[in-house]
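In: Provided below for reference: sequence and predicted model.
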2 protein chains.
Amino acid sequence: MATGQGGATEMNTAMQRALAAAEARCLRAGAQLTELRRQVLALVLEAEQPLGAYALLDRLKAQRPGAAPPTVYRALDFLLEQGLIHKVERLNAFVGCVEAEHDHGHHQHPPQFLICRTCGATVELSDHAVAHALADAARRVGFQVANATVEVEGLCARCTEAAPAG
Amino acid sequence: MATGQGGATEMNTAMQRALAAAEARCLRAGAQLTELRRQVLALVLEAEQPLGAYALLDRLKAQRPGAAPPTVYRALDFLLEQGLIHKVERLNAFVGCVEAEHDHGHHQHPPQFLICRTCGATVELSDHAVAHALADAARRVGFQVANATVEVEGLCARCTEAAPAG
DNA sequence: ACTGCTGCCGTTACTATATAACCTCAGACA
DNA sequence: TGTCTGAGGTTATATAGTAACGGCAGCAGT
């Protein structure tokens, strides 16, 4: 078990890179990526699907038996503020932010999510045509956009191929 | 108290028209708009803001003392299926569908919502440029869209004007 | 060293949102 | 008559999220 390739306990290189990037980002922002916050971030990042707060809590308890709901929610709030994770509203669940690694700061646009009904995988897009169209539509009715949730549910490419009929 | 103008118990003309349209639509769909469902729909329509399930439940109890969570949720599920209402995911709340009155069936595109942080008012858009951009972005990665949530939070025109600074 | 402050987190209790499971009843119909 | 179906009543429970208080480490000012 010395060379697991991306599982829960073994930390692969991609994960290490992501955590290092998060660390750097917090440093620049004057925020503390504490042990707890790092653990929760790692749990979010290592999951292949968005995880709910209580699913995270269960996993966290392996490392931190006393953990309770506020433990997780406080860490999640911090990670959201730092832009290290996103919340998927339709699922009440959390995913790592793919942009977080790109050192150059926050999203230019609010992200969009594609959620597969079949496999549950969730992909983050950052399509500026979508963001632009949305900003335009809002501006046309005099609405000032502070932030946006765009979540699409459907079938991902893999599951479409695997599906019975065309 | 005989000529209230749109309040909770008095039913104004717009509401009557909306309910009649809902009735017609259910008829065509072979679905039953029962008394309960009609009551819940009326509660959603008469509210000026999106209402949560439990807020609806409280109001419903005035007419139906025995009402419990499943009472409301079942009615809401039905109304969602018929396209008579929408759920605003960010608020865990429900609003009437503005298209429902236009007899010609369902939305062509998934709706978009503009949610004002200050006054809570929520406006439904049906901007096809947004829908189109989103469909394009999804298609580009081989994703089949089944349905989409687009919710923008910010300041509505009225609250922008009323706000302290520009 | 003492004081007071701040930020992080533990802990308990609670609120809010949503669903499961089981039951009854009315209406359709063989 | 039996039985099937859909609507909804009823009880209990699951899931999601928050309030409020307390302890403690780290640090600034005196």
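Out: Sure thing, it's come through. Everything numeric in this text was worked out from a predicted model, so none of it was measured.
In: for chain A, what's the longest strand?
Out: strand A:144-155 (DSSP state E).
In: that strand vs DNA strand C: in contact?
Out: No - residues of strand A:144-155 are not located near DNA strand C by C-beta under 7 Å from any atom of the strand, the shortest gap being 14.1 Å. In this view, the C-beta of every residue, glycine as well, is placed from N, C-alpha and C.
In: how far off strand B:144-155 does that strand point, in degrees?
Out: 160 degrees (axes from the mean of the first three to the mean of the last three C-alpha atoms, to 10 degrees).
In: pairing partners for strand A:144-155, with directions?
Out: strand A:112-116 (parallel), strand B:144-155 (antiparallel) (DSSP bridges).
In: buried sites along it?
Out: A:144-145, A:148-155 (16 or more other C-beta atoms under 10 Å in any protein chain shown).
In: okay if I get these as TSV plus pLDDT and distance to A:R59?
Out: Putting the buried residues of strand A:144-155 into TSV (pLDDT from 0 to 100; distance: C-beta to C-beta, whole Å) gives the following:
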residue	pLDDT	distance to A:R59
A:Q144	96	39
A:V145	95	35
A:A148	96	30
A:T149	98	26
A:V150	98	28
A:E151	98	24
A:V152	97	27
A:E153	96	25
A:G154	96	28
A:L155	95	28
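In: and which of those residues is nearest A:C116?
Out: A:L155 (6.1 Å; C-beta to C-beta).
In: now do the same contact list for that closest one.
Out: A:116-118, A:163, B:143-144, B:146 (C-beta atoms under 8 Å, 6 or more residues apart in numbering or on different chains).
In: return a ChimeraX selection command for the buried portion of those.
Out: Those of the contacts of A:L155 that count as buried under 16+ other C-beta under 10 Å are selected in ChimeraX with:
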select /A:116 /B:143,144
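In: and which of the contacts of A:L155 is nearest to DNA strand C?
Out: Lowest distance from DNA strand C to the contacts of A:L155 (C-beta to the nearest atom of the strand) belongs to A:R117, with 14.6 Å.
In: I'd like the distance between the closest one and DNA strand D.
Out: 16 Å (C-beta to the nearest atom of the strand, to the nearest Å).
In: what about that residue, distance to A:V98?
Out: Distance check for A:R117 against A:V98: by C-beta to C-beta, to the nearest Å, it reads 21 Å.
In: A:L84 now?
Out: Taking C-beta to C-beta, one finds A:L84 at 11 Å from A:V98.
In: more neighbours, those two?
Out: Taking neighbours as other C-beta atoms under 10 Å in any protein chain shown, A:L84 and A:V98 compare with A:L84 leading, 27 against 15.
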